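> coords please:
(chains A, B and C)
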Amino acid sequence: MLFYTAKRFVLMLPVAIGVSLVCFLLVHLAPGDPLSAVLPTDASAETQAEMRKLYGFDKPLPVQYGLWLGRVLQGDLGVSIASGRPVAGEVINAVENSLVLAAAATLIGFVLGSLLGLLGGYFRGTIIDRLSSFTAVLGVSVPHYWLGMVLVIIFSVQLNWLPATGGGPQGSDSKGLNWDYIRFLVLPAITMSVIPMGIVARTVKALVAEILNQEFVQALAAKGLTERGVFRHVIKNAAPTALAVMGLQLGYLLGGSILIETVFSWPGTGFLLNAAIFQRDLPLLQGTILVLAIFFVVLNLLVDVVQTAIDPRVQRA
Amino acid sequence: MSAFPATEDRGGPAQPLLTVRDLVKHFPVRGKGWLGKRAVVRAVDGVSFDILKGETLGIVGESGCGKSTTARLLMHLIGPDSGEMVFDGESVGDTLALSAYRRQVQMVFQDSYASLNPRLTIEDSIAFAPKVHGVPAATARARAHDLLHRVGLEPGRFAGRYPHELSGGQRQRVNIARALALEPRLVILDEAVSALDKSVEAQVLNLLQDLKRDFGLTYVFISHDLNVVRYMVDRVMVMYLGKVAEIGEGEAVFSAPAHPYTSALLASMPTMDPTRRIGEAPLSGDPPNPIDPPPGCRFHTRCRFAEAVCSTVDPALAVAGAEHRAACLMLAPGSGHGRAPAAELAA
Amino acid sequence: MSAVASAGTSLAAPVARSPGYWSGVLRRLSRDKVAMVALVIILAIVLMAIFAPYLAPADPAKGSMLRRLRPIGTPNYPLGADELGRDMLSRLIYGARLSLIMGVTPVPIAFVIGGALGIIAGFAGGVVNTLIMRTIDVFYAFPSVLLAVALSGALGAGLGNALVSLTLVFIPPIARVAESVTTQVRGLDYIDAARASGAGALTIIRVHVLGNVLGPIFVYATSLVSVSMILASGLSFLGLGVRPPEPEWGLMLNTLRTAIYTQPLVAALPGLMIFITSVSFNMLSDGLRTAMEVK
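Just a heads-up that it's a prediction; the model follows:
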């Protein structure tokens, strides 16, 4: 097990390096000079050259990458061009908010999706099955940013039950298990949960159908095992894969939250990305994307290792 | 009208069709760690034999003995690590180009379904090889129909069908037709009838005998079914863990096996003759791991006659009769084995 | 040896042909009611996009400051008017053009590039495979929305850049599917049989590999069209795709965001169009997959 974990970790390193390279090159993909957005248009040639030197843009690309990677490994993601504050601090703040949202959404999506999937797989071929698959298809095909707007229209504008936007009560920092904070979380979390719900439902349904078809389950049923006993068996065998899907979904949601965070003005990474893009704040853009992508890579590794720990059969080469 | 340049006999009937010398193929397997030494499976480990013109040479042995790897090496589907093959006097890959060699050697695989492209009709599957070699499409199609007829499938009914619409026996007939489409001289039958029902198997075996006679073919017949091998072959080669254990005339080997492994294999044959029923299993356990074969004679761990010398000396093929050789120290004069004949006096 | 040769002089007689695999797939697909309904909806939307100038009652770009944000059912504005007083119905009809172009085109382009990369990697194996697939892995390590936004954000807003970003997003997953299917097919005996017949790699890929791998890759790619529609409109929604005042559903959704307090139904309409299109593509893709599963 320890060996497998170590091997997975070593295999992850080249991907992580590749990811860092892509993030680094993103800035240089951008048209024009990375500094052009912040420098006044009438800045003299000397000022421009000075700034370029300050940010290290005058050196050859591989050297810039090496220096940048060195700083990143020490936790230094550079300084935001727009705000002048260190990128690392801003990203960590935003990641915290995004993580709360993504975790809540994953949880809701997992519970609803498993329910749908279990029902569909269990009552295969019936109307329940068709309803559950239809709901799952709707879940993966709905533009979630639009669903967010619709929910806001219903629950905030019409019914006035929940706040439309924002990341918590104005002027207070109280995050935690109090209704004042949670009511801001409800709509974005439900909106976001639709994505994992559809995917979890599909996976669980396929798993349940497959397990029910397996000979050992049929043998158990033939031996007179009760419905509940069979059901427990199904849960036990479907859990590892379903959990793995859930773990990966958390990563997708964290990286894909930008649209929903924009709709709800949720102060997470997506919001930060949006700001970085429109202020052409490239260090901030680069830092945010790097943190999210590396988080996703590490999460992948964790899911793999945990899944193997639960069920050694899935060990991937 | 043959579409291909004549592949006439060159060396006369006395020259073997294919001579195989010291063929070696080791497959690397993933070691236990990054620093661990690279382990290899010694699938074929120094095998030499001749295939005579017009004969059927059987290759038998337990699964994992290297039969199928040998077939793939003969077919050049995989390249050997070392060793030489001489086809009718010409060195393969040297004086005889690989493409020219391949046209004269074809193969029929065990899995009749996996060896046919499910998206091609039967006639397209058979006509593919001739078309590759430049035969016009219409001629290739005509040849496919003719071959279908020869393997007992009515072209009008079968040519336009897809593999999944045919039975296992019919598919294997198609595979045989496909193998013959290039007018080969040597056909390798790798467990070609093993997956078929017994009744169908007999029909296909008879078909193979007829085709061999009509087209003047030479067969390499690989099977684990000794009854079938005995019925089909002229000579037989017994393999054990990547090496030749015994080779000789079929009847000689079957009636008077010289290698203890061959005797054990024959004794384990299912038989309908009650007088030949045996009480205990002659071969116990699985063959040893080919990654780490036993030292000396590879069979000594399971051999009834094993002595100390067997675990140190790797036996070479020794004479067991006319055209009959076996790799056993009991046959090698002066080998040190208790049952070996005394060393001949130096002349 | 000559027995075969001499007998095969005459041309082959006509034979009874079995229906091919694809005609079977089409037959099964045509019996799938849900898939057929989806197909009809998609065709209707495509026709709407093509014939927009004939169908739209008004000029989608012409606004009126006096008629801003009219509700559904206003005379002359059957679906209301947007925040600049432009006719919603006309804008939704014209919006199909850019929305479809942005949402659909990245997938076929990614299908060709990703499919080719995956098939080459799968068939070649060894170093070539490692080189291609490890590069793909790096891009696959980004969640798709993040990659699309990051690329568009770096390249800058605009239709062309959005198309490039979306295509790059879909190449890795398609290449991975292509590689795994091709690796599977490559191990089958009929590929060995083809090699034994002396055929070259290109001939084997053309005759024996493509016919067996393109189907599964294609089905997978069709399942991405729905995702692509949502992502493409999402980019426009963020302001990274089409620029105003062009009519595009995602962009319309964005500019109408503030209208949710005054005209919520009108504001939600563009999203409904994206939803309907995306669901239809998903249903059609599901139907196609089911139709192809039977041997």
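> from now on I want contacts and neighbour counts done on CA atoms only, so please keep to that.
OK.
> any low-confidence regions in the chain?
No chain in the question, so chain A it is. The model of chain A has pLDDT under 70 over residues A:1, A:30-43, A:54-57, A:167-180, A:215, A:217, A:225, A:227, A:311-317.
> my question was about chain C
In the prediction, chain C carries residues with pLDDT under 70 at positions C:1-14, C:294-295.
> from A:Arg280, how far off is A:Ala82?
The span separating A:Ala82 from A:Arg280 equals 8 Å under the rule CA to CA, to the nearest Å.
> actually A:Ile153, sorry about that
Distance of A:Ile153 to A:Arg280, given as CA to CA: 32 Å.
> next SSE after the host helix or strand of B:Glu123?
In the assignment (DSSP states H and E), B:Glu123 maps to helix B:122-132. Beyond helix B:122-132 on the C-terminal side, the first helix or strand identified by DSSP H and E is helix B:137-150.
> any buried residues in the helix or strand following that next one, and which?
Taking DSSP H and E as the definition, the helix or strand that follows helix B:137-150 towards the C-terminus is helix B:155-158. Of the residues in helix B:155-158, B:155-156, B:158 count as buried by neighbour count, 16 or more other CA atoms under 10 Å in any protein chain shown.
> try stretch B:302-319
Of the residues in stretch B:302-319, those buried under the neighbour-count criterion (16+ other CA under 10 Å) are B:302-303, B:306-307, B:309-311, B:314-319.
> re the thing from before, the more surrounded of A:Ala82 and A:Arg280?
Legend: neighbour count by other CA atoms under 10 Å in any protein chain shown for A:Ala82 and A:Arg280, higher for A:Arg280 (23 against 16).
> make JSON lines out of the buried residues of helix B:155-158 and add pLDDT.
What follows is the buried residues of helix B:155-158, written out as JSON lines (pLDDT from 0 to 100):
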{"residue": "B:Pro155", "pLDDT": "87"}
{"residue": "B:Gly156", "pLDDT": "86"}
{"residue": "B:Phe158", "pLDDT": "90"}
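> which among those gets closest to A:Ala242?
Checking the buried residues of helix B:155-158 against A:Ala242 by CA to CA gives B:Phe158 as the nearest, at 47.0 Å.
> list the contacts of that closest one.
B:122, C:15-16 (CA atoms under 8 Å, 6 or more residues apart in numbering or on different chains).
> most neighbours among those, which one is it?
For the contacts of B:Phe158, neighbours were counted using other CA under 10 Å, and B:Ile122 has the most, 27 neighbours in all.
> name the residues of chain C found near chain A, please.
By CA under 8 Å from any CA of the partner chain, the residues of chain C that approach chain A are C:134-135, C:137-139, C:141-146, C:150-151, C:153-156, C:226-227, C:230, C:234, C:238, C:253, C:257, C:260-261, C:264, C:268, C:271-272, C:274-275, C:278-279, C:282-283.
> give me the buried entries from these.
Among the residues of chain C next to chain A, those buried by neighbour count (16+ other CA under 10 Å) are C:135, C:137-139, C:141-146, C:150-151, C:153-156, C:226-227, C:230, C:234, C:238, C:253, C:257, C:260, C:264, C:268, C:271-272, C:274-275, C:278-279, C:282-283.
> what about stretch A:79-93, start to end distance?
15 Å.
> what's around the residue in the stretch 201-347 of chain B that chain C sits nearest to, how many residues?
Across the stretch 201-347 of chain B, the shortest distance to chain C (CA to the nearest CA) belongs to B:Phe215, at 4.7 Å. As a burial measure, the neighbour count of B:Phe215 was computed by other CA under 10 Å and equals 16.
> separation between it and B:Arg173?
To B:Arg173, B:Phe215 is 16 Å away according to CA to CA.
> do the same with B:Thr69
Applying CA to CA, one obtains 23 Å for the distance of B:Thr69 from B:Arg173.
> A:Leu131 now?
Between A:Leu131 and B:Arg173 the distance is 48 Å, computed by CA to CA.
> looking at the two now, which is surrounded by more residues?
Neighbour tally, A:Leu131 and B:Arg173, criterion other CA under 10 Å: the higher count belongs to B:Arg173, 24 against 14.
> show me which residues of the stretch 51-200 of chain C sit near chain B.
Taking CA under 8 Å from any CA as the criterion, the neighbours of chain B within the stretch 51-200 of chain C are C:188-199.
> for the residues you listed, which two are the farthest from each other?
Longest distance between any two of these is 16.5 Å, between C:Leu188 and C:Gly198; criterion CA to CA.
> out of the two, which sits in the busier spot?
Remark: of C:Leu188 and C:Gly198, C:Gly198 carries more neighbours, 21 against 16, as counted by other CA under 10 Å.
> now that one: closest residue in space, sequence neighbours ignored.
B:Ser99 (5.7 Å; CA to CA, 6 or more residues apart in numbering or on different chains).
> any idea which element that neighbour lies in?
Counting by DSSP H and E, the secondary-structure element that holds B:Ser99 is helix B:98-104.
> out of the residues of the stretch 51-200 of chain C next to chain B, who's the most crowded?
The most neighbours of any of these, using other CA under 10 Å, belong to C:Ser197, which has 27 neighbours.
> pull the number of nearby residues for the residue nearest to it when sequence neighbours are not counted.
Take C:Ser197 and drop its neighbours on the chain: the residue closest to it by CA to CA, 6+ apart is B:Ala129, 5.3 Å away. B:Ala129 is surrounded by 25 other residues when neighbours are defined as other CA under 10 Å.
> thought B:Ala129 was touching C:Arg195?
No. Under the criterion of CA atoms under 8 Å, B:Ala129 lies out of contact with C:Arg195, with a separation of 9.4 Å.
> so how far is A:Thr106 from the closest residue to B:Asp314 other than its chain neighbours?
For B:Asp314, ignoring the flanking residues on the chain, the nearest one in space by CA to CA, 6+ apart is B:Gly296 at 4.1 Å. If you measure B:Gly296 against A:Thr106 using CA to CA, the figure is 62 Å.
> can you check the pLDDT for the residue nearest the centre of chain B?
Centre of chain B computed as the mean C-alpha position; nearest residue by CA atoms, centre = their mean is B:Ile222, 3.8 Å away. At B:Ile222 the predicted local confidence, pLDDT, stands at 93.
> contact partners for it?
B:58-60, B:67-68, B:188-192, B:229 are the contacts of B:Ile222 under CA under 8 Å, 6+ apart.
> beta partners of it?
Assessed by DSSP bridges, B:Ile222 has beta-bridge partners B:Ile59, B:Asp190.
> contacts for the helix or strand hosting C:Leu253, please.
Element membership for C:Leu253 (DSSP H and E) is helix C:249-255. Taking contacts as CA under 8 Å, 6+ apart, the residues outside helix C:249-255 that touch it are A:146, C:83, C:92, C:95-96, C:99, C:232-239, C:241-244, C:267-271, C:273-274.
> can you give me the offset of it from its chain's centre?
When distances are taken as CA atoms, centre = their mean, to the nearest Å, helix C:249-255 is centred 21 Å away from the chain's centroid.
> any idea which helix or strand comes after that helix?
Note on helix C:249-255: by DSSP H and E, the next helix or strand toward the C-terminus is helix C:264-293.
> now for that next one, which elements pack on it?
Under the contact definition 3 or more CA pairs under 8 Å, 6 or more residues apart in numbering or on different chains; DSSP states H and E, helix C:264-293 sits against helix A:127-141, helix A:144-151, helix C:21-30, helix C:33-50, helix C:88-104, helix C:210-238, helix C:249-255.
> now B:Gly46: how far from C:Ile217?
Plainly put, B:Gly46 is 43 Å away from C:Ile217 if you go by CA to CA.
> more neighbours: these two, which one.
Set side by side, B:Gly46 and C:Ile217 give different neighbour counts by other CA under 10 Å, the larger being at C:Ile217 (24 against 17).
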